[in-house]
Structures are given as C-alpha cells and as structure tokens.
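Enquirer: Next comes the sequence, and after it the predicted model I'd like to discuss.
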Amino acid sequence: METLDGLRGPECVVCGASIENRRSDARYCSTRCYNLEARQMERDALLAVKANRPPCRICGTPIPAHEPANRIYCSRACNKEASNRAIRKRLEKPCLMCDQPISTTHPDQKYCSRRCFDKARTVLVPRICQPCGQSFHPRKAKQKYCCHACAAIGRRRPVGSA
C-alpha cells in the first residue's frame with residue numbers, strides 16, 4: 001500500500017502546517033507564523049550585534065548576551081570598581097576665579113563653587129557708549145550707556161521709524 005507522505009505539498013517553515021492553497025512562493029501558513037519568524041530574526045540579529053561587543057572594561061570577561069547592548073561592565077561589582085577608580089583618579093587644579101585648589105574627576109571643571117562660577121559669568125568688561133563713543137565700566141550686565149544723558153539719546157527713535 002502506498003503512503004501519502006511523499007505527496008504532501010509545501011509546509012510552513014515555522015509550524016510545519018500544509019500551505020497547499022496559498023501562492024506558489026508562500027513560506028508561512030498564517031500572519032501569526034510570519035510574525036513569529038520576523039521576531040526571531042530580530043532577536044538573532046540583536047544577539048549577533050551583542051556577540052561582537054568588547055569585553056568588560058574592568059575584568060575582561062565577556063558581557064552576557066541577555067544584557068543591554070550599551071552595557072560596558074559585566075556586573076555591578078565591576079561597575080562599582082570602575083567608579084572607585086574614577087574617584088581615585090582625581091585632578092588637582094586651581095579655581096580660575098579665586099585660585100583655590102579644586103579636587104575633581106571632571107577635566108572640564110574650572111571653578112570651585114557656584115559662587116565663583118556666577119562671579120566669572122558676571123565679570124563686566126569695559127564697553128563703548130554708542131551715543132558719545134566714550135569707554136566706560138558697566139555696573140550691570142545689560143548696561144549700554146555711560147550716563148543718563150546718553151541713555152536718553154540712545155532711546156530716542158530716529159525720525160520716520162514707526
């Protein structure tokens with residue numbers, strides 16, 4: 001007696017169900033199987049990307065594939081060790097405003113406190129008064145004129161402007 005095993009038509013690549021009544025190039029029996037295959041391909045691609053990432057920066061062991069792609073340490077212990085190394089690697093330099101020594105881990109830090117930072121931002125450089133052309137030292141950051149008379153002249157609108 002002859003069996004029908006050799007006469008079966010195309011099968012779904014995911015679940016193995018028959019897909020005889022579909023297009024000739026069909027690979028899936030349903031949208032569900034197509035979505036399952038697509039998700040699996042995405043997971044495989046992500047794992048392939050993670051497989052090529054560098055090892056832990058502290059101990060050199062490979063970072064597990066289930067960890068996020070941006071992970072640079074293999075464990076919390078290595079992360080803490082990296083933090084401790086950064087604390088030990090402090091820079092000593094003077095404050096640009098008061099010359100007091102600063103101990104920092106950030107190479108871009110320039111001031112010892114918020115007070116010195118604010119003071120540096122409000123250093124008022126000499127300006128030139130627009131109406132009279134005289135150089136003056138402003139008392140406030142937005143001061144444009146050297147005196148009240150020049151301010152009055154500066155605020156006047158030219159003839160013909162609306």
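Expert: Thanks, I have it.
Enquirer: What ranges does this structure have for its strands?
Expert: 91-94, 101-104, 127-128, 135-136 (DSSP state E).
Enquirer: Save the ones you listed as a markdown table, and put in mean neighbour count, mean pLDDT and distance to residue 22 too.
Expert: In this view, the C-beta of every residue, glycine as well, is placed from N, C-alpha and C. Conversion of those to a markdown table gives the following (neighbours: other C-beta atoms under 10 Å; pLDDT from 0 to 100; distance: least, C-beta to C-beta, whole Å):
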| stretch | mean neighbour count | mean pLDDT | distance to residue 22 |
| --- | --- | --- | --- |
| strand 91-94 | 11 | 88 | 68 |
| strand 101-104 | 13 | 87 | 67 |
| strand 127-128 | 13 | 90 | 80 |
| strand 135-136 | 12 | 91 | 86 |
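Enquirer: Any chance of those strands in CSV with distance to residue 70 as columns?
Expert: As requested, the strands of the chain are exported to CSV (distance: least, C-beta to C-beta, whole Å):
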stretch, distance to residue 70
strand 91-94, 27
strand 101-104, 26
strand 127-128, 48
strand 135-136, 54
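Enquirer: got the residue ranges for the helices in this structure?
Expert: Using DSSP state H, the helices of the chain run over residues 31-51, 76-88, 114-121, 148-155.
Enquirer: Domain boundaries for this structure, per the record?
Expert: Domains of the chain are assigned by automatic domain parsing as 8-51, 55-89, 91-122, 124-156.
Enquirer: how about residue 110, what does it touch?
Expert: Residues in contact with residue 110, defined by C-beta atoms under 8 Å, 6 or more residues apart in numbering, are 95-96, 117, 120.
Enquirer: My error: substitute residue 74 in the last question.
Expert: Here residue 74 is in contact with 55-56, 58-59, 61-64, 67 (C-beta under 8 Å, 6+ apart).
Enquirer: By neighbour count, which of these wins?
Expert: residue 63 (21 neighbours; other C-beta atoms under 10 Å).
Enquirer: how much space between that one and residue 49?
Expert: Using C-beta to C-beta, to the nearest Å, one gets 12 Å for the distance from residue 63 to residue 49.
Enquirer: now residue 111
Expert: From residue 111 over to residue 49 the distance is 42 Å, taken as C-beta to C-beta.
Enquirer: Of the two, which one has the most company?
Expert: Between residue 111 and residue 49, counted using other C-beta under 10 Å, residue 111 has the larger neighbour count: 18 against 11.
Enquirer: Report the spatially nearest residue to that one, omitting neighbours in sequence.
Expert: Nearest non-adjacent residue to residue 111, counting by C-beta to C-beta, 6 or more residues apart in numbering: residue 117, 4.3 Å away.
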